[in-house]
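> Provided below for reference: sequence and predicted model.
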There are 2 protein chains.
Amino acid sequence: MASIVDVARLAGVSPATASRVLSGSTHAVSQVTRSRVEAAAAELDFVPNALARGLLKSRAPIVGVIVHDITDPYFSEIVRGIEDEAEASGYLVITSSSDRIPAREESYVRLLRGMRATAVLFAGSGIRNAEFEERIGRHLVAMERYGAAVVHLSPSARGPALVGVDNVAAMAEVVRALVALGHRRIGYVGGPEWLYVAADRERGYRSALAEAGIGIDPGLVVTASFDQDGGADGAERLLRADPRLTAIACANDLQALGALDRFAQLGVSVPDDVSVTGFDDIPGASRTSPSLSTVHLPLRELGRSGFLQAEKILAGRRPHRRLLAHEIVLRRSTSKPRRAARVAVDVPAALVAS
Amino acid sequence: MASIVDVARLAGVSPATASRVLSGSTHAVSQVTRSRVEAAAAELDFVPNALARGLLKSRAPIVGVIVHDITDPYFSEIVRGIEDEAEASGYLVITSSSDRIPAREESYVRLLRGMRATAVLFAGSGIRNAEFEERIGRHLVAMERYGAAVVHLSPSARGPALVGVDNVAAMAEVVRALVALGHRRIGYVGGPEWLYVAADRERGYRSALAEAGIGIDPGLVVTASFDQDGGADGAERLLRADPRLTAIACANDLQALGALDRFAQLGVSVPDDVSVTGFDDIPGASRTSPSLSTVHLPLRELGRSGFLQAEKILAGRRPHRRLLAHEIVLRRSTSKPRRAARVAVDVPAALVAS
DNA sequence: CGCGCGGTGGAAATCCTTTTCTCTCGGCAT
DNA sequence: ATGCCGAGAGAAAAGGATTTCCACCGCGCG
């Protein structure tokens, strides 16, 4: 493989000069020399060694993205947004699916650190785990010390997202919409409590109910894994625990999709028997049957914006926390409670009171 | 940041010895020295500089995956398979969405080459374009020269996939299933002709019809982009061109999903008015309404297997072409032609003859 | 008693670019 | 005419890890 000294030799100049031409340095180089070098580079099919360059500058043209599962449309959308922006700036994007396992996350961050990645973006929520949070934190400060940017797109141990959405408010809005439709017994399928984002969303659910003067029935809140199986099981558990509920809010779309599937199997009609809502508006949420009411998140924009923040940090400018707009979208999985009357009558007073 | 010489100094040994301990060399090092070095490394939070190591060995612990769009579940599944296997071997995975633009693909491969990636896997089909095929090919041979492995998971200019599925046979089987159901006028929404995989699948369609003694009506074959919009438009065009067709085979699931959507809007009932089939069985294909009949591809396994082949190549062993099993899965979007009788009578003889 | 060898550890070269630091030379101002 | 300045080009160091070669020590064997 041709190196820059080969190019220099062929062009009859020193490696220093060749480098200046080929790497876009500001150092003056005469036009003739310049074109001689360019011709030589083309002739030899020269591609600069990014490792050598990176070694020198303590920075590889790489941005790492830690996701929970690239297969989850929520994450692939974000990654795409990052990719689009990063590609334009000449970076390569490394994605790592941690499956929400802290050790995996640490191992990826360590690899990224060894690689001197220019930025790390955490697309998914932080995972509560003191030991690993400390270890990951150490890697992160080391990375910041060599000049890398670290950006969180979801809440984590290191605080709220640098670029993100208002999970609390958004979930509160969905639940409020359910209340406005006439629902009073609203179940909640939450995510695992060790996921920071899940805690935020559940907070939203609770606050909306409180604000509507509806008491929280502990039996109406279950936690489940953040995927379809979790949603299916959670929804079924909820319905068995209290057959009178008329609506279920899920902490994310995948869970809602699972709930829809399970209800279809069980012969529970949505939204006639129970309304279901999701969260995220992943591609496909509009194509389920019935189509899913959910909160739309600008996922791709979140990714783009996250990368832009990283660039801002790299440029030495102060990043400022940014909240992206969400939007409630009511589709076919929600309606007025068709059995509302019956339920309203049957509810024991004790449960209605706060 | 602590370097290996810092570790060596703290441990009171030479960098050479420290390296031998820390990089798993075979060179003998006494137990006491070994633990002194390990203690020093831990003490200094030492993480080896992958760039320096890579520069020396002309190889970075990176595998690049070129996909068409990471947002497409077809690709994210494959990437996940690669990731799972690659992570276990200590590699980082770079994904690049080319959007099927040859120039983008070349730019990514060039970046990967500059980075001395250990392997490149092409997850998507090759794109017919003489100029870029030549340029990409040049980068690829350069990469192979420094010891990288190149693996294709789909047909390309460089021949059939090293690890892949039999697209021709699989599509023929789907169409054969449609024929077995009683369909005679079967439309085909193909992919763009400049995608190698699209050509293969269309070949399957044609061969199944020929084998069944059904002539190919050129009006029953349209090409469309490989996404939902393409499928929606293609299906509608087909139906307008020949309202008597009873089934439509799509070249991939995304197109079939689009067709389902469009037909729902148009009030065309699936499968009563027309049966629809897809190809790939992406996650979600079973959750459409009606659920999609398609050919199941072991996508994740394809990714895993592709990476394993790459490792085999790296180990110097001869890779052998591998075909993964596919499986026809008939769900709710296909049925006997309910209007078959009428259609059979109406078809002009000229169109039935080959 | 001397030689050679296995077990250990160190010195130094190497990978490839970028970036000071120098140096030269022509031109311009004093 | 001399000094200075700027343009242009080169020499050499640096960045961090790995890996030959060597060297040394102690021990076993002849």
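Thanks, I have the structure now.

> doesn't A:T294 make contact with A:T277?
Yes. Taking contacts as C-beta atoms under 8 Å, A:T277 lies within contact range of A:T294: 6.0 Å. To be clear about C-beta, it is placed using only N, CA and C from the backbone, and glycine gets the same treatment.

> Now the common contact residues for these two.
A:V174, A:A256 (C-beta atoms under 8 Å, 6 or more residues apart in numbering or on different chains).

> With only the CA atoms kept, save stretch A:159-173 in PDB.
The C-alpha atoms that make up stretch A:159-173 are tabulated as PDB, following Å, rounded to 0.1, in the frame of the first residue of the first chain:
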ATOM      1  CA  GLY A 159     -28.500  13.700  34.600                       C
ATOM      2  CA  PRO A 160     -31.200  14.500  32.100                       C
ATOM      3  CA  ALA A 161     -30.500  14.200  28.400                       C
ATOM      4  CA  LEU A 162     -28.400  16.900  26.700                       C
ATOM      5  CA  VAL A 163     -30.800  16.600  23.800                       C
ATOM      6  CA  GLY A 164     -34.000  14.800  24.400                       C
ATOM      7  CA  VAL A 165     -37.700  15.000  24.900                       C
ATOM      8  CA  ASP A 166     -39.800  15.700  27.900                       C
ATOM      9  CA  ASN A 167     -40.800  12.200  28.900                       C
ATOM     10  CA  VAL A 168     -42.700  13.300  32.000                       C
ATOM     11  CA  ALA A 169     -44.800  15.900  30.200                       C
ATOM     12  CA  ALA A 170     -45.400  13.800  27.200                       C
ATOM     13  CA  MET A 171     -46.700  10.800  29.100                       C
ATOM     14  CA  ALA A 172     -48.800  13.100  31.200                       C
ATOM     15  CA  GLU A 173     -50.400  14.400  28.000                       C
END
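
> is it true that A:P102 touches A:G126?
No. Contact criterion C-beta under 8 Å: A:P102 and A:G126 do not qualify, at 9.6 Å.

> Give me the more crowded residue out of those two.
Legend: neighbour count by other C-beta atoms under 10 Å in any protein chain shown for A:P102 and A:G126, higher for A:G126 (22 against 19).

> which residues touch the more buried one?
By C-beta under 8 Å, 6+ apart, A:G126 lies in contact with A:E133, A:H152, A:S154, A:P155, A:S156, A:A157, A:R158, A:L195, A:Y196.

> Strands of the stretch 51-200 of chain A, start to end?
With DSSP state E, counting those that start in this stretch as the criterion, the stretch 51-200 of chain A has strands at A:60-67, A:92-97, A:117-122, A:149-152, A:163-165, A:186-190.

> out of those strands, which comes closest to DNA strand D?
Checking these against DNA strand D by C-beta to the nearest atom of the strand gives strand A:60-67 as the closest, at 12.4 Å.

> pLDDT on that closest one, on average?
Per-residue pLDDT values over strand A:60-67 give a mean of 98.

> Using CSV, write out every CA atom in it.
Extracted in CSV, the C-alpha atoms of strand A:60-67 (Å, rounded to 0.1, in the frame of the first residue of the first chain):
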residue,chain,number,x,y,z
ALA,A,60,-10.1,8.8,15.3
PRO,A,61,-12.8,10.0,12.9
ILE,A,62,-15.3,7.8,14.6
VAL,A,63,-18.4,8.5,16.6
GLY,A,64,-19.8,5.7,18.7
VAL,A,65,-23.5,5.2,19.4
ILE,A,66,-24.6,3.0,22.3
VAL,A,67,-28.1,1.7,21.7
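
> sorry, back to before: between the strands of the stretch 51-200 of chain A, which gets nearest to A:E38?
Among the strands of the stretch 51-200 of chain A, strand A:60-67 comes nearest to A:E38, with 21.4 Å by C-beta to C-beta.

> Which residues does that closest one contact?
For strand A:60-67, the surrounding residues in contact (C-beta under 8 Å, 6+ apart) are A:50-51, A:54, A:75, A:78-79, A:82, A:86, A:90-98, A:105, A:108-109, A:112, A:115-124, A:307, A:310, B:51, B:92, B:94, B:111, B:115.

> interface residues of the stretch 1-150 of chain A facing DNA strand C?
Counting by C-beta under 7 Å from any atom of the strand, the residues of the stretch 1-150 of chain A close to DNA strand C are A:1, A:3-5, A:15-16, A:19-20, A:22-23, A:25, A:27, A:46, A:48-49, A:52-53, A:55-57.
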